[in-house]
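Participant: Take a look and give me a structure for this.
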Amino acid sequence: MDIRRLGISLAIFVSILVSVGGVSIHLENHNAFCASCHTEPETTYYQRTLSPKSVDLATQHGENARCIDCHSGEGILGRMSSLALGAKDLAKFISRTHIQPAQLSSALGRGHCLKCHEAIASKVGFEDHFHSLSALQENDDSQTTCVACHKSHSTQGNEEVGFLETGAVKQTCEVCHYDIPAIRIKLELESWGL
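Facilitator: Now for the predicted structure:
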């Protein structure tokens with residue numbers, strides 16, 4: 001009899017978990033839902049998506065991308081990991097133990113961007129050697145990532161070149177090119193319109 005009760009209890013628990021997960025998956029597809037729980041700075045980021053003008057890289061993606069498209073990893077495991085993190089964040093929010101301002105607990109790696117921008121990683125040659133760094137990134141995301149130069153939510157970037165931010169690009173270049181005089185890097189950045 002106890003095994004039967006345990007089985008029924010387990011079946012009910014799994015059913016509830018699947019139902020809540022299904023509802024969550026449906027709701028997370030809407031930026032407004034994400035913004036309803038997130039606080040600053042995410043509220044500001046969401047408000048920017050409602051503007052007709054692109055002011056940062058995230059708003060440039062417009063209606064083609066949702067928060068979850070960038071803030072979940074590759075494949076089903078990446079999506080499940082994001083759901084688990086969202087559940088944890090929700091529990092902290094409800095228990096009022098969340099940290100303000102909100103902090104990114106899982107950095108966006110190259111895989112987050114390459115889900116849609118795969119062709120960029122295949123570029124090779126000196127003229128585009130900064131995108132060729134993908135070979136380094138495959139084994140170690142800390143080498144440099146797309147968002148090291150293309151700041152997602154910063155309004156300081158240059159829209160004409162994918163919202164590159166001069167200071168961030170310079171800092172990223174100096175990781176490998178620490179021995180190049182600052183004036184040369186400055187001139188190179190200026191040639192790119194930065």
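
Participant: Under the pLDDT cut-off, which ranges of the chain? List them.
Facilitator: The model of the chain has pLDDT under 70 over residues 1, 17-28, 105-106, 121-143, 192-194.

Participant: Now do the domain split for it, please.
Facilitator: What automatic domain parsing lists as the domains of the chain is 2-94, 110-191.

Participant: Could you dump these into JSON lines with mean neighbour count and distance to Ala102 added?
Facilitator: Quick note: C-beta positions are derived from backbone N, CA and C, even for glycine. Shown next, in JSON lines, are those (neighbours: other Cβ atoms under 10 Å; distance: least, Cβ to Cβ, whole Å):
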{"stretch": "domain 2-94", "mean neighbour count": "13", "distance to Ala102": "6"}
{"stretch": "domain 110-191", "mean neighbour count": "15", "distance to Ala102": "12"}
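
Participant: In CSV: those, plus distance to Leu104.
Facilitator: Listed next are those as CSV, based on distance: least, Cβ to Cβ, whole Å:
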stretch, distance to Leu104
domain 2-94, 9
domain 110-191, 10
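
Participant: This protein: helices as residue ranges?
Facilitator: If DSSP state H is used as the criterion, the helices of the chain fall at 2-27, 31-37, 42-49, 57-60, 67-70, 75-94, 110-114, 118-121, 134-139, 146-149, 166-176, 182-191.

Participant: For Gln156, which of the ones you listed is the nearest?
Facilitator: Within the helices of the chain, the stretch nearest Gln156 is helix 166-176; the backing value is 7.9 Å (Cβ to Cβ).

Participant: which helices and strands sit right next to that closest one?
Facilitator: Here helix 166-176 touches helix 146-149, helix 182-191, going by 3 or more Cβ pairs under 8 Å, 6 or more residues apart in numbering; DSSP states H and E.

Participant: Reformat the ones you listed as TSV; add distance to Glu118.
Facilitator: Below are the helices and strands packed on helix 166-176 laid out as TSV (distance: least, Cβ to Cβ, whole Å):
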stretch	distance to Glu118
helix 146-149	12
helix 182-191	26
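
Participant: Which residues outside stretch 52-71 are in contact with it?
Facilitator: Applying Cβ atoms under 8 Å, 6 or more residues apart in numbering, the external contacts of stretch 52-71 come out as 28-31, 34-35, 45-46, 48-49, 51, 79, 82, 108, 112-113, 115-116, 150-155, 157, 159, 162-163.

Participant: need the helices of the chain in JSON lines with distance to Gln103, can you?
Facilitator: Below are the helices of the chain laid out as JSON lines (distance: least, Cβ to Cβ, whole Å):
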{"stretch": "helix 2-27", "distance to Gln103": "22"}
{"stretch": "helix 31-37", "distance to Gln103": "15"}
{"stretch": "helix 42-49", "distance to Gln103": "11"}
{"stretch": "helix 57-60", "distance to Gln103": "17"}
{"stretch": "helix 67-70", "distance to Gln103": "16"}
{"stretch": "helix 75-94", "distance to Gln103": "10"}
{"stretch": "helix 110-114", "distance to Gln103": "17"}
{"stretch": "helix 118-121", "distance to Gln103": "28"}
{"stretch": "helix 134-139", "distance to Gln103": "23"}
{"stretch": "helix 146-149", "distance to Gln103": "15"}
{"stretch": "helix 166-176", "distance to Gln103": "19"}
{"stretch": "helix 182-191", "distance to Gln103": "29"}
